[in-house]
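> Sequence and predicted structure below; questions after.
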Amino acid sequence: MKQFSELAIKIFAAYLVLSNLGNVIPLLFPPAAWRTQSDVPIWPLIGWLGIPLMIGIVLWFSASKIAQKIIGNDEKDASLSEDGLVAAGTFLIGTYWGLKSIGTVVGQLSSVGTLNYGYVTVFAISMLMICGNKTITRMYRKLRTAGVTA
């Protein structure tokens, strides 16, 4: 299960980096190519591109430690447990939502100066998913067995 979680984290990290590289390509052209005279503002660039790129790189290199923290030390059992899959999936979905929402919030604050509270709410929910993935797994187990007498 740890190897699966580590692979999933690395795939997610690669997705973050590669999906944002397409956003960097237009920045290679001069501002006149975009029909503007001003340079690219740095803070929206950091919010929209830099944060996901940096987090993707950190996730790639620390995937083993993160997978061990999420799953625990269940190396004796090589089978794919349902609870471990729910914990890993919850962590990855929370990380994805968190990165996308914080990038948008930083970009909006620096360029427009207003705050979209919807993205702030998504960020808060994503932090709960990241930090409380074992609690969500326990709730999932209770919901799955609700009404079943053993």
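Done, it's in.
> In the chain, where's the longest helix?
As assigned by DSSP state H, the longest helix anywhere in the chain is helix 82-111.
> That one packs against which elements?
Helices and strands touching helix 82-111, by 3 or more C-beta pairs under 8 Å, 6 or more residues apart in numbering; DSSP states H and E, are helix 2-24, helix 42-45, helix 51-61, helix 63-71, helix 117-131, helix 133-144. C-beta coordinates here come from the backbone N, C-alpha and C atoms, glycine included.
> Run the angle between that helix and helix 2-24 for me.
Counting by axes from the mean of the first three to the mean of the last three C-alpha atoms, to 10 degrees, helix 82-111 lies at 20 degrees to helix 2-24.
> What is the distance between helix 82-111 and the centre of its chain?
4 Å (C-alpha atoms, centre = their mean, to the nearest Å).
> and the angle from it to helix 133-144?
130 degrees.
> what would the helices and strands packed on helix 82-111 look like in a markdown table with mean neighbour count, mean pLDDT and distance to residue 94?
Shown next, in a markdown table, are those (neighbours: other C-beta atoms under 10 Å; pLDDT from 0 to 100; distance: least, C-beta to C-beta, whole Å):
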| stretch | mean neighbour count | mean pLDDT | distance to residue 94 |
| --- | --- | --- | --- |
| helix 2-24 | 16 | 76 | 11 |
| helix 42-45 | 14 | 69 | 24 |
| helix 51-61 | 17 | 86 | 13 |
| helix 63-71 | 18 | 82 | 11 |
| helix 117-131 | 15 | 85 | 3 |
| helix 133-144 | 14 | 77 | 7 |
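> Out of those, the one nearest residue 103 is which?
helix 51-61 (4.8 Å; C-beta to C-beta).
> ok, residues contacting that closest one?
By C-beta atoms under 8 Å, 6 or more residues apart in numbering, the residues outside helix 51-61 that reach it are 9-10, 12-17, 19-20, 66, 95, 99-100, 102-103, 106.
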